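**Student:** Next one to model:
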Amino acid sequence: MTAATVEYREIRVSSADEVEDRLNSAVRDLQVIATRSRTHGILVTRLNPGHFSVSLSDQVPFGLTRELIH
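**Tutor:** Model (predicted):
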């Protein structure tokens with residue numbers, strides 16, 4: 001999947017307890033930005049254990065959040 005990235009957050013966590021809160025926070029931040037343009041959805045990518053990226057993506061329809069395990 002290739003995608004143009006407009007906004008991007010990198011998340012690194014050291015425990016499983018942090019994952020949900022940190023990812024949800026990043027998704028909420030990007031939802032605010034996505035609502036302005038209404039052209040990008042949100043892509044959450046697991047890069048490694050404890051390492052994620054959350055980005056606006058033109059490959060994800062507006063209003064949707066998709067997960068990619070890399």
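**Student:** give me the beta-bridge partners of Val54?
**Tutor:** Arg9, Val44 (DSSP bridges).
**Student:** mind listing the helices in this protein by residue range?
**Tutor:** 16-37 (DSSP state H).
**Student:** Flag the shaky bits of it, pLDDT-wise.
**Tutor:** The chain contains residues with pLDDT under 70 at 1-6.
**Student:** how does it look with 50?
**Tutor:** 1, 5 (pLDDT under 50).
**Student:** and Arg66, how many residues sit next to it?
**Tutor:** For Arg66, the neighbour count with other C-beta atoms under 10 Å is 14. Where you see a C-beta, it was placed from the backbone N, CA and C, and this is true even at glycine.
**Student:** Ok, Gly63 next?
**Tutor:** 12.
**Student:** you'd agree it is up against Gly41?
**Tutor:** Yes: using C-beta atoms under 8 Å, Gly63 makes contact with Gly41 at a distance of 6.6 Å.
**Student:** residue closest to the middle of the protein?
**Tutor:** Centrality entry for the chain: nearest residue to the mean C-alpha point is Val54, 2.2 Å, by C-alpha atoms, centre = their mean.
**Student:** so that one touches Gly41, yeah?
**Tutor:** No: at 11.4 Å, Val54 does not count as touching Gly41 under the criterion of C-beta under 8 Å.
**Student:** Phe62: what's it in contact with?
**Tutor:** Ala34, Arg38, Thr39, His40, Gly41 (C-beta atoms under 8 Å, 6 or more residues apart in numbering).
**Student:** and the nearest residue to the second one once chain neighbours are set aside, backbone torsions?
**Tutor:** So that's Arg38. Counting by C-beta to C-beta, 6 or more residues apart in numbering, Arg38 lies nearest to Phe62, which is 5.0 Å off, once chain neighbours are set aside. Per-residue torsions, Phe62: phi -50, psi 140 (degrees, to the nearest 10).
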